[in-house]
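# got a sequence here, can you model it:
(one chain, ligands or ions: 1)
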Amino acid sequence: MFKMQKERPMKVSLKDGSCRVCGGELTIVNADDSALEVECECGESYLVATDAFNDGGMTYYVGFLSEQMKCDDAT
Ligand SMILES: [Zn+2]
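Residues are numbered from 1 along each chain as shown. Next up, the predicted model:
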């Protein structure tokens, strides 16, 4: 269902969201029950809502979590 390339940080498309400091491309580095942690090349990292990228939480949040689950399976 969510086919992602393995072992790649999930980038957020600039059309969906960008760094609040520099407007650059964000990478999702962590997720929990209620928030996503994003990081930018400028060094900024912060938490956003799971549906912060106008996708209802279905693309980035669910996609990221499914990647985490795959990683867990491998150990
Ligand atoms: Zn930035």
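# how far away is G57 from S13?
To S13, G57 is 15 Å away according to C-beta to C-beta, to the nearest Å. In short, each C-beta sits where N, CA and C put it, glycine included.
# same question, E25
E25 is 8 Å from S13, by C-beta to C-beta.
# what sits closest to the residue nearest to the spatial centre of the chain if chain neighbours are left out?
Closest to where the C-alpha atoms of the chain average out (C-alpha atoms, centre = their mean) is I28, at 2.9 Å. Once flanking residues are discounted, I28 sits nearest to M10: 4.4 Å by C-beta to C-beta, 6 or more residues apart in numbering.
# quick check, that neighbour in contact with Y60.
Yes: M10 lies in contact with Y60 (C-beta atoms under 8 Å); the separation is 6.4 Å.
# related to what we said a few turns ago, which SSE is the residue nearest to the centre of the chain in?
Following DSSP states H and E, one finds I28 within strand 26-31.
# now check that strand, is it near the ion?
No: contact of strand 26-31 with the ion is not found when judged by C-beta under 5 Å from the ion; the minimum separation is 7.7 Å.
# next SSE downstream of that strand?
Toward the C-terminus, strand 26-31 is succeeded by strand 35-40 as the next helix or strand (DSSP H and E).
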